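Asks: The sequence and its predicted three-dimensional model are supplied below.
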Amino acid sequence: MKRFHVHVAVKDLAASIRFYSAMFDAQPLVIKADYAKWMVEDPRINFAISTRGNKPGVNHLGIQVESEAELAALRAQTERAEIAAIDEPEAACCYARSDKYWTTDPQGIAWETFRTLGSIPIYGQDTVPDPLADVSEGGKACCGPLPKVDAPKGSACCVPSEAAQTKSGACC
């Protein structure tokens with residue numbers, strides 16, 4: 001069964017935990033110094049927040065699946081639609097180890113489709129990949145979109161920059 005995923009960058013983690021705990025009528029399942037995550041059943045959502053240096057607001061959206069078969073089926077659907085995607089098997093980010101792939105919608109919103117394999121004690125790599133590197137050919141990404149502007153080291157991890165996505169054939 002699939003679960004909708006939303007990751008929001010926040011300025012004040014404690015205030016945001018209070019707000020979203022009230023909104024979902026539940027405490028986060030995971031709380032770290034820079035991150036919190038709720039696994040809500042009604043509506044079925046994986047909702048995460050972090051203070052990882054990104055501009056406050058929606059960091060990325062996604063679909064979490066429970067099986068390798070579901071992930072493969074969604075990846076095949078993406079290929080049939082000729083939507084560019086970047087695969088990340090065994091990714092380590094957001095305190096989890098996952099198999100995933102990333103796409104970007106026509107508005108530039110990053111979408112993560114993933115299957116969580118287990119938890120890990122660290123957030124993940126906290127560096128910005130080279131924006132001119134072709135991440136689809138061996139570069140590593142982590143847990144969310146890079147800002148559209150050049151960012152200092154340590155400000156974000158994750159999905160390749162717009163330049164890299166264009167280089168690898170993404171529509172945006």
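Replies: Received the coordinates, thanks.
Asks: Poorly predicted segments of this structure, please.
Replies: Residues of the chain that meet the criterion pLDDT under 70 lie in 53, 125-172.
Asks: any idea where the helices of it begin and end?
Replies: With helices called from DSSP state H, the chain shows them at 13-24, 68-80, 162-167.
Asks: Kindly compare burial across the ones you listed and name the winner.
Replies: Stretch with highest mean neighbour count among the helices of the chain: helix 162-167 (a mean of 19; mean count of other CB atoms under 10 Å). From N, CA and C alone the C-beta is placed, and that goes for glycine too.
Asks: In contact with A9, which residues?
Replies: 49-52, 54-59, 144 (CB atoms under 8 Å, 6 or more residues apart in numbering).
Asks: go again using 7 Å as the cut-off
Replies: Contacts for A9 (CB atoms under 7 Å, 6 or more residues apart in numbering) come out as 50, 52, 54-57, 59.
Asks: filter the residues you listed to the buried ones?
Replies: Among those, those buried by neighbour count (16 or more other CB atoms under 10 Å) are 50, 52, 54, 59.
Asks: Let's have the residues you listed in JSON lines, adding distance to T116.
Replies: Formatted as JSON lines, the buried ones among the contacts of A9 follow (distance: CB to CB, whole Å):
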{"residue": "S50", "distance to T116": "16"}
{"residue": "R52", "distance to T116": "18"}
{"residue": "N54", "distance to T116": "21"}
{"residue": "N59", "distance to T116": "17"}
